[in-house]
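[1] Sharing a model prediction with you, sequence too.
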Amino acid sequence: MKLKFKLSVAAMALGAAFAGSAMADTKAAMMAMGRDATPAEVKAWDIDVRPDFKGLPKGSGSVAKGESIWEEKCASCHGGFGESNEVFTPIIGGTTKDDIKTGRVKGLEEGKSIVPQKTTIMKVATVSTLFDYINRAMPWNAPKSLSTDEVYSVLAYLLSLADVVPPDHVLSDQNMAQAQARMPNRNGMVFYEPMWKTHGKGDVKNVACMKNCETEVKISSFLPDYAKNAQGNTAEQNRIIGPVRGLDTDKGKSK
Amino acid sequence: MSKDLSDVIGRVLPAPENNLSPEKLEVARKARRSFMGKALAMGAGVAAAAKAGVAAAAEGEDVILKLPEHTTGLGLPVAMNPYGVPSKWEAALQRRESPGLTRVPQASVSFTPLQGLFGIITPSGLHFERHHQGWWDIDPSKHRLMINGLVKRQRVFTMDDLMRLPSVSRIHFIECGANSATEWGNVATSSVQYSHGMLSCSEFTGVLLSTLLDMCGYDKKTAKFILAEGADGSSMTRTIPLENALDDVMVAWGMNGEMLRPENGYPLRLVVPGIQGVSWVKYLRRIEVGDERYAAKDEAVHYIDHMPDGTHRQYTGVQECKSVITTPSGSQTLLDKGFYNISGLAWSGRGTIKRVDVSVDGGRNWRTARIDGPVLSKALTRFNIDWVWDGKPAILQSRAIDSTGYVQPKMNQLRAVRGTRSVYHQNAIHSWKVAENGEVSNVQVF
């Protein structure tokens, strides 16, 4: 009797679930997937630093300390002064005291560069970017191994090389804003919404002419013979059947 | 195969697996232009073929008349390759590095061999690679996705959790923002693999990011941006517009019916349709909901557009409408005069491809190509058009138009606005020159 009663109650409950709020129950069950992150877990992973310094950890480091860390862990790739173009593109160089005043790097204008290759400090507008990147991804072969104070130190050293901070400077979360105010290209970025929004419209226009279109049909650039093999013998990069074959660029080279 | 077979080209005998040098192609073509030459070429062909045992006398070809081993013998057993691999004859089509382009192989690129692919789907093993600090094959049981920031509940998901959620499968292209960058100034690459090969298209399976954001209760009043972060050494971060995050952005584990390949972010990556590949964060470990852009390294130092006035455009993620002819394309050679199917790819980060036009005279006259495969939003679209090559020089171009009405620009139109010093978002009409000897090469014409 008792058992029978229980079963019928269960059956009724099941019936109600099916008839009434099956959708709501599905949604609730789905919303329950996953679990809450613990504060320690969020702290361990949430390391990003924004341009407004949200996320910047408390700490400090001197140019002098940064120089010794640099010598030990960074210079072999980036050169002693962040100038090397051997392993990675250069970090420091190409900015002037005048750029620090204006916040626009003159060397980014056509034909005005004072170094052969654009450097990081010529481009980057936000000092937070440098802190964030050193902190998350450097050194190259041991990312995230620097302490917070070591990150401040290395950044202080780099900024001193670009005259953003003086040689006796101690960089900290308290004075990062002052460094930001002297970044050489801080006014050099433009936000252009049509290239940010997939629903935008681009800035370059063409019209789809079909017949006798106005064009010179002049070849303005072509690959010189000596460069044809620069990316390997294209004969070996094409299928052995089909409408075409790869050109034997090895033989072309020896010609 | 006998080396002498390279004396023969075209219809007399299909070219064998060894390739023809430009000199030999020219010799053979000249020979075939006269009756005597033709006879000579045929004679040479027959002689060479006889040596090689491929063709025979008047009654027909040896490959038909003499039954080969694969017709008369016993073939191989099932499951010999538990995970199938391409035919050994297809070994030429591989993703390749461009020598000298980068100096560190862990922060480098390998290019997809577009010159040999069909349709719109890129085989997973040929999907281009771009790593910022080397790639990993992560234990998926230990991978976690965290969502934090402007949400009611900061959540952690295992792969088990994610793969139980409602999933979608969608076909999208992924193109590196620096694809075709080498061509901003001058022609610098030999083939379409290197000029356009940071481009792939796959069917991705995963959960919509909007589903996850709903589950965490994102703050609808203050949230404006998403930060995506990877679990690898570079822990790549990119700012994604919330508008995209709520529209079609996916947190994906599947690619072309199987799990993502390690080089492409196994076990989890972001799929950001229409936006440059750098935003498709691999080894995705964290999504932060925020109210400001983040100016991450790859949106403050790289992936910014250097404009003629010395400024840089920041946060320019959209891959605008573009197309390229893949067959025939640079550093290939046509086998003979006569009929060809010009084939290529078109795509737009802003929607679907509406039309593709093809010119064979350097842009003076255009014909509309056939699109007879799938036409999907923010996916590669294959186009084809008939062409009879008369043996005269030709310049082949394709021009795509997308669903917004945008017409793929000419290089001079692009340069007039963006200059020549930019690295990113080069989507100009591309030109291939066909020379009288059938050689196809990369040129700029506008």
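    Perfect, I can see it now.
[2] Point to the helix or strand of chain B where mean pLDDT is at its lowest.
    Here the helix or strand of chain B ranked lowest by mean pLDDT, DSSP states H and E is helix B:35-52, holding a mean of 41.
[3] what about the chain, any weak spots by pLDDT?
    All of this refers to chain A. A:1-22, A:252-255 (pLDDT under 70).
[4] Not quite, go with chain B.
    In chain B (pLDDT under 70), the answer is B:1-57.
[5] domain ranges for it?
    Domain ranges of chain B: B:3-72, B:109-313, B:322-443, per automatic domain parsing.
[6] Mind putting these into TSV with mean neighbour count and distance to residue A:148?
    All C-beta spots, glycine's among them, are computed from the backbone N, C-alpha and C. Formatted as TSV, the domains of chain B follow (neighbours: other C-beta atoms under 10 Å in any protein chain shown; distance: least, C-beta to C-beta, whole Å):
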stretch	mean neighbour count	distance to residue A:148
domain B:3-72	16	58
domain B:109-313	21	16
domain B:322-443	21	33
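[7] Turn the ones you listed into a markdown table, columns for distance to chain A.
    Putting those into a markdown table (distance: least, C-beta to the nearest C-beta, whole Å) gives the following:
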| stretch | distance to chain A |
| --- | --- |
| domain B:3-72 | 4 |
| domain B:109-313 | 4 |
| domain B:322-443 | 4 |
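[8] Let me know which of these is the nearest to residue A:153.
    domain B:109-313 (19.2 Å; C-beta to C-beta).
[9] follow-up on the earlier one: out of the domains of chain B, which is closest to residue A:85?
    The nearest among the domains of chain B, by C-beta to C-beta, is domain B:109-313 at 15.1 Å.
[10] Now do the closest one: distance from first to last residue.
    Domain B:109-313 has an end-to-end distance of 24 Å (criterion: C-alpha to C-alpha, to the nearest Å).
[11] now that domain: how far from the chain's centre is it?
    In this view, domain B:109-313 has its centroid 16 Å away from the chain centroid, taken as C-alpha atoms, centre = their mean, to the nearest Å.
[12] correct me, but residue B:277 touches residue B:175?
    Yes - counting by C-beta atoms under 8 Å, residue B:175 is a contact partner of residue B:277 at 6.1 Å.
[13] Pull up the overlap in contacts between the two.
    Applying C-beta atoms under 8 Å, 6 or more residues apart in numbering or on different chains, one finds that residue B:277 and residue B:175 are jointly contacted by residue B:198.
[14] Let's have the domains of chain B in JSON lines, adding distance to residue A:89.
    Listed next are these as JSON lines, based on distance: least, C-beta to C-beta, whole Å:
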{"stretch": "domain B:3-72", "distance to residue A:89": "37"}
{"stretch": "domain B:109-313", "distance to residue A:89": "9"}
{"stretch": "domain B:322-443", "distance to residue A:89": "11"}
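[15] So the residue positioned nearest the centre of chain A, which state does it fall into?
    Centrality entry for chain A: nearest residue to the mean C-alpha point is residue A:133, 8.3 Å, by C-alpha atoms, centre = their mean. Under DSSP: H, G, I helix; E, B strand; the rest coil, residue A:133 falls in the helix class.
[16] can you tell me how far the nearest residue to it once chain neighbours are set aside sits from residue B:190?
    Closest residue in space to residue A:133, ignoring its immediate chain neighbours: residue B:297 at 4.1 Å, by C-beta to C-beta, 6 or more residues apart in numbering or on different chains. Separation of residue B:297 from residue B:190 (C-beta to C-beta, to the nearest Å): 31 Å.
[17] For stretch A:152-170, output the C-alpha coordinates as PDB.
    Extracted as PDB, the C-alpha positions of stretch A:152-170 are listed here (Å, rounded to 0.1, in the frame of the first residue of the first chain):
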ATOM      1  CA  TYR A 152      59.000  46.600 -12.800                       C
ATOM      2  CA  SER A 153      62.800  46.700 -12.800                       C
ATOM      3  CA  VAL A 154      63.100  45.400 -16.400                       C
ATOM      4  CA  LEU A 155      60.500  47.800 -17.600                       C
ATOM      5  CA  ALA A 156      62.300  50.700 -15.700                       C
ATOM      6  CA  TYR A 157      65.500  49.800 -17.500                       C
ATOM      7  CA  LEU A 158      63.900  49.700 -20.900                       C
ATOM      8  CA  LEU A 159      62.100  53.100 -20.300                       C
ATOM      9  CA  SER A 160      65.400  54.600 -19.200                       C
ATOM     10  CA  LEU A 161      67.000  53.500 -22.500                       C
ATOM     11  CA  ALA A 162      64.400  55.600 -24.300                       C
ATOM     12  CA  ASP A 163      64.700  58.500 -21.900                       C
ATOM     13  CA  VAL A 164      61.200  58.100 -20.600                       C
ATOM     14  CA  VAL A 165      62.500  57.800 -17.100                       C
ATOM     15  CA  PRO A 166      65.900  59.000 -15.700                       C
ATOM     16  CA  PRO A 167      68.700  56.500 -15.000                       C
ATOM     17  CA  ASP A 168      68.200  56.700 -11.200                       C
ATOM     18  CA  HIS A 169      64.500  56.000 -11.400                       C
ATOM     19  CA  VAL A 170      62.400  53.500  -9.400                       C
END
